[in-house]
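Trainee: take this sequence and fold it.
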Amino acid sequence: MKSLGLKIDLHVHTCYSPDAVTTLKEVIVYSKKKGLDGIAITDHDTLAGALKLQNSDFIVIPGIEITLQRGHLLALNVTTPIPPKLDINETIQKIHEAGGIAVAAHPTSFYKSAPSQRTASYDAIEVINSAAIPLQLFTYLNKKLATSLNLPQTAGSDSHYALEIGAAYTVIEADPDTDEIVRAIKKGATIPVGKSIPWRMRLKGKALSLKRKV
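Mentor: This is a model prediction of the structure:
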């Protein structure tokens, strides 16, 4: 029987991001609860959390959500730091030199620090981001952008709290190996799937964040 593909949430934050509280243990526990085959850890401008999960019994793609001069960019399958605050094209070049791929994060959500849409040197476009509001509008605009640039489409929860993990994920036709998964993304062997994070869940996450930071 042909595999239906791996379910990978390609945009997950942990407590190593200043605006997230999910512990590394929670990342694995909740990812498995949601029926995911793997996740990409994409903390803001750091690989610290992602590298600590490299030896787990779960697919963990090391990544970074990089702060650009304007906007944010996902670097997937990188194990060396990528400097923030650089020009977008220079950042993409460094991601490629590090053996990774560059994915435009929430590219049309202006209030979420969208990266420039003028470059076609991305490797893929994140078309579903569960934290975007309203989700349907931005998903439509993101897919339109991906189609115009003829680029693969991905999805990620952009989770900052454990309960949000898996709200969106990418179905990827690949063997359960990080390099194979990344190659499949570049080839466009992807199906983005996802829904908006419910308001009740968002509020619960905010309350948890305040409690843990007290």
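Trainee: which parts of this structure are helices?
Mentor: Applying DSSP state H to the chain gives helices spanning 24-33, 48-52, 88-97, 135-149, 178-187, 199-213.
Trainee: okay, now the unreliable bits of the chain?
Mentor: Residues of the chain meeting the criterion pLDDT under 70: 1-3, 111, 114, 117-120, 204-214.
Trainee: for Lys33, see how far away the nearest residue to Ile92 once chain neighbours are set aside is.
Mentor: Nearest-residue entry for Ile92: Ala102, 4.5 Å, with adjacent residues in sequence omitted and distances by CB to CB, 6 or more residues apart in numbering. (C-beta placed from N, C-alpha, C; glycine too.) Per CB to CB, to the nearest Å, Ala102 is found 30 Å from Lys33.
Trainee: in stretch 187-206, what counts as buried?
Mentor: Neighbour counts over stretch 187-206 (16 or more other CB atoms under 10 Å) mark Ala189, Thr190, Pro192, Gly194, Ser196, Ile197, Met201, Arg202, Gly205 as buried.
Trainee: can you put these in JSON lines and add distance to Ile125?
Mentor: Converted to JSON lines, the buried residues of stretch 187-206 look like this (distance: CB to CB, whole Å):
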{"residue": "Ala189", "distance to Ile125": "15"}
{"residue": "Thr190", "distance to Ile125": "10"}
{"residue": "Pro192", "distance to Ile125": "9"}
{"residue": "Gly194", "distance to Ile125": "14"}
{"residue": "Ser196", "distance to Ile125": "19"}
{"residue": "Ile197", "distance to Ile125": "20"}
{"residue": "Met201", "distance to Ile125": "25"}
{"residue": "Arg202", "distance to Ile125": "24"}
{"residue": "Gly205", "distance to Ile125": "26"}
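Trainee: which one of those is nearest to Gln93?
Mentor: Closest approach between those and Gln93, by CB to CB: Thr190, at 23.2 Å.
Trainee: does the residue nearest to Leu4 when sequence neighbours are not counted have any beta-bridge partners, and if so which?
Mentor: Spatial nearest neighbour of Leu4, excluding adjacent residues (CB to CB, 6+ apart): Val171 at 7.0 Å. Val171 has these beta-bridge partners by DSSP bridges: Lys7, Ile191.
Trainee: who's in contact with Val171?
Mentor: Listed by CB atoms under 8 Å, 6 or more residues apart in numbering, the contact partners of Val171 are Leu4, Gly5, Leu6, Lys7, Thr190, Ile191, Pro192, Val193.
Trainee: let's go with 7 Å and repeat that
Mentor: Leu4, Gly5, Lys7, Thr190, Ile191, Val193 (CB atoms under 7 Å, 6 or more residues apart in numbering).
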